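# Sharing a model prediction with you, sequence too.
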Amino acid sequence: MDELERDEAERVQAERANRVAVMRADYEYNLMCRVLDTEHGRALVHLVLREAGVHHTSAVPGDPHMTYFNEGKRQIGLLMEERVFTSAPEAYTIMCREFQEREDRLAARAEAAREANDG
């Protein structure tokens, strides 16, 4: 294979890789939109973001290994948060509101159970 043929083969391969990347990005965008269209999907995404510690510090004073571990989790969460904001930014606000409503209902149920046990 001469240099021209090699260049053409590399160009064709690069074009194919680009088409695959565009198709993958489109699939992932549509997937995130479908997940965020449901209350259960938003609840799951919110859970992942909370567990990843997206809005908390990763640093563990005196323990660099745990800091690195936490930062790895946080990075995954940040990637998911970015997907939320690029796919359906309005879903983030809805997701947070739904979480707070669930928390309020759970707190009310816990309080009612406490009162029933005290009564």
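Sure thing, it's come through. Residues are numbered from 1 along each chain as shown.

# so how far is whichever strand or helix holds residue 109 from its chain's centroid?
Using DSSP states H and E, residue 109 sits within helix 89-118. Mean-position distance between helix 89-118 and its chain equals 22 Å (Cα atoms, centre = their mean, to the nearest Å).

# and if you look at stretch 13-24?
So, by Cα atoms, centre = their mean, the centroid of stretch 13-24 is 24 Å from its chain's centroid.

# neighbours around residue 54, how many?
For residue 54, the neighbour count with other Cβ atoms under 10 Å is 17. (Each C-beta comes from the backbone N, C-alpha and C, glycine too.)

# Show the pLDDT at the closest residue in space to it that isn't next to it in sequence.
Nearest residue to residue 54, sequence neighbours excluded (Cβ to Cβ, 6 or more residues apart in numbering): residue 77, at 4.0 Å. pLDDT for residue 77: 96.

# Residue 77 contacts residue 49, correct?
Yes - here residue 77 reaches residue 49: they are 5.1 Å apart, a contact under Cβ atoms under 8 Å.

# list residues touching both of those two?
Residues touching both residue 77 and residue 49 (Cβ atoms under 8 Å, 6 or more residues apart in numbering): none.

# The helix holding residue 109: which residues count as buried?
91, 92, 95, 99 (16 or more other Cβ atoms under 10 Å).

# The residue nearest to the spatial centre of the chain sits in which helix or strand?
The centroid of the chain falls nearest to residue 80 when counting by Cα atoms, centre = their mean (2.3 Å). In the assignment (DSSP H and E), residue 80 maps to helix 64-87.

# Nice, that's everything, thank you.
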